[in-house]
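[1] Need a 3D model of the following:
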Amino acid sequence: MPEWLAGINQELMTVWGLKVIYAVAIFIIGRMLANLLSRFLVRLLSHQVTDAALLSFVQTVLNVVLLVVVSIAALDQLGVNTTSLLAVVGAAGLAVGLALKDSMQNVASGIMLIMMRPFKAGDYVEAGGTAGTVERIGLFTSVFGTPDNREVTIPNSAIMGGSITNFSARDSRRIDLIFGIHYDDDIARAKQIILDVLAAEPRVLPEPKPVVAVAELGSSSVDFVVRPWVEVVNYWPTRFELIEKIKLAFDASGITIPFPQQDVHHYREEIVVADKEG
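    Numbering: from 1, shown residues only. The predicted structure is shown next:
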């Protein structure tokens, strides 16, 4: 090999070797700095925002954006025409976006969830056909924890595409119960028994006042609606205990709760067969 050609090859290897080393260094160091910067920004944001789901979402978006910037800087160090690359990436992104429109819809829905904030981490909600406690809101999906300790992952578009019921949005919640008594029982006495049970329950809020009223004269019972208010955190334990306490109070006072009955009458038909002679 001629000396001049060997010199050129050595020079190219030296130049390109340095470029590759610089590009790798930029990518590695840039990635580390991007992680540190995203964590720092999220830490600053955490002083104003306490929603863990929102902070996790913001950190994920920042990591993705900063990683793209670092990758472009590394490629630029290698001499890649990043302007043309961005155009190619944009066209490819458009094609991928059309192919993955459902996924992009999930991303858009995730952004809407963060902006509109119909719920936050820790809220008990019913959305996307599932009821549970919100654990985190991701870029594509959100994760709910059900009362029986199941983890349910729901696409964000399914959440935004339907109604969202947030049971934790208000401080108090109303318990709706129905009790039926026999037609022969004293209505006023039964009503007073229910009111006494509610008054003895410390978790029942004094305001708004509990409602106890005759709602319907059913086919086999006089039906009362019982509507006390409690704090959200006390809803289920109070509901369960009120049902038990009112039933026991009825039993102690001789108030009967009728249950469906069906009388079946069986008629036996006797068939007499007479033998005929001849």
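
[2] Now Trp223: which helix or strand?
    Careful, residue 223 is Asp; it's not Trp. Using DSSP states H and E, Asp223 falls within strand 222-227.

[3] strand partners of that strand, parallel vs antiparallel please.
    If you go by DSSP bridges, strand 222-227 pairs up with strand 177-181 (antiparallel), strand 211-217 (antiparallel).

[4] Pull out the buried residues from it.
    Neighbour-count burial for strand 222-227 flags 222, 224, 226-227 (criterion: 16 or more other C-beta atoms under 10 Å). Placement of C-beta: from N, CA and C, glycine included.

[5] Give me the contacts around it.
    With contacts defined as C-beta atoms under 8 Å, 6 or more residues apart in numbering, strand 222-227 is touched by 174-183, 185, 187, 190-191, 194, 198, 210-217, 242, 246.

[6] Give me the buried entries from those residues.
    By neighbour count, with 16+ other C-beta under 10 Å, those hold 175, 179-181, 185, 190-191, 194, 198, 210, 212, 242, 246 as buried.

[7] Adding pLDDT and distance to Ile111, write those residues out as JSON lines.
    Output for the buried ones among the contacts of strand 222-227, formatted as JSON lines (pLDDT from 0 to 100; distance: C-beta to C-beta, whole Å):
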{"residue": "Ile175", "pLDDT": "94", "distance to Ile111": "36"}
{"residue": "Phe179", "pLDDT": "94", "distance to Ile111": "47"}
{"residue": "Gly180", "pLDDT": "93", "distance to Ile111": "50"}
{"residue": "Ile181", "pLDDT": "93", "distance to Ile111": "54"}
{"residue": "Asp185", "pLDDT": "92", "distance to Ile111": "58"}
{"residue": "Ala190", "pLDDT": "94", "distance to Ile111": "54"}
{"residue": "Lys191", "pLDDT": "95", "distance to Ile111": "52"}
{"residue": "Ile194", "pLDDT": "95", "distance to Ile111": "49"}
{"residue": "Leu198", "pLDDT": "95", "distance to Ile111": "45"}
{"residue": "Pro210", "pLDDT": "94", "distance to Ile111": "43"}
{"residue": "Val212", "pLDDT": "95", "distance to Ile111": "47"}
{"residue": "Leu242", "pLDDT": "95", "distance to Ile111": "42"}
{"residue": "Ile246", "pLDDT": "95", "distance to Ile111": "48"}
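
[8] Which two among these are spaced furthest apart?
    Across the buried ones among the contacts of strand 222-227, no pair lies farther apart than Ile175 and Asp185, at 23.0 Å, counting by C-beta to C-beta.

[9] what separates Phe250 from Asp123, distance-wise?
    36 Å (C-beta to C-beta, to the nearest Å).

[10] Now do the helices for the stretch 151-278 of the chain: every range, in order, please.
    Using DSSP state H, counting those that start in this stretch, the helices of the stretch 151-278 of the chain run over 156-160, 187-200, 235-253.

[11] ok, now the stretch 1-150 of the chain?
    Ranges of helices in the stretch 1-150 of the chain, per DSSP H, counting those that start in this stretch, are 3-46, 52-77, 82-99, 101-116.
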